[in-house]
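Peer 1: One predicted model, sequence on top.
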Amino acid sequence: MKATLAALGLTLLLSACGERPQHYAYEDGRYAGKPDTPAWQDERFGNDRAQWERAIRERNAKQSEYARMRGGG
């Protein structure tokens with residue numbers, strides 16, 4: 001019984017040893033991680049922001065329940 005409790009205590013004690021820090025890397029107040037590119041800088045939109053904005057508007061319009069019910073059914 002004591003051995004089981006000792007093993008359980010040791011397991012609980014050592015379980016926190018593998019915790020990694022979960023914060024972003026900042027240097028001088030700026031994020032120092034992977035740089036992100038804007039969504040329109042993709043081969044699908046050919047670096048055309050206007051085309052990307054049109055695609056977003058069309059996608060949002062298709063998600064409207066009112067527009068979908070008017071369309072047919």
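Peer 2: Thanks, I have the structure now.
Peer 1: and Arg68, how many neighbours?
Peer 2: 12 (other Cβ atoms under 10 Å). C-beta here means a position set from N, CA and C on the backbone, and glycine is covered the same way.
Peer 1: can you tell me the helix or strand for it?
Peer 2: In the assignment (DSSP states H and E), Arg68 maps to helix 65-70.
Peer 1: and that helix, how far from the chain's centre?
Peer 2: Centroid separation for helix 65-70 versus its chain: 30 Å, with Cα atoms, centre = their mean, to the nearest Å.
Peer 1: To what extent is Gly46 buried, counted in neighbours?
Peer 2: A count of nearby residues for Gly46, using other Cβ under 10 Å, gives 10.
Peer 1: for Gln51, same thing?
Peer 2: Other residues lying near Gln51 total 13 when counted by other Cβ under 10 Å.
Peer 1: Next one: it from Arg59, what distance?
Peer 2: Counting by Cβ to Cβ, to the nearest Å, the separation of Gln51 from Arg59 is 13 Å.
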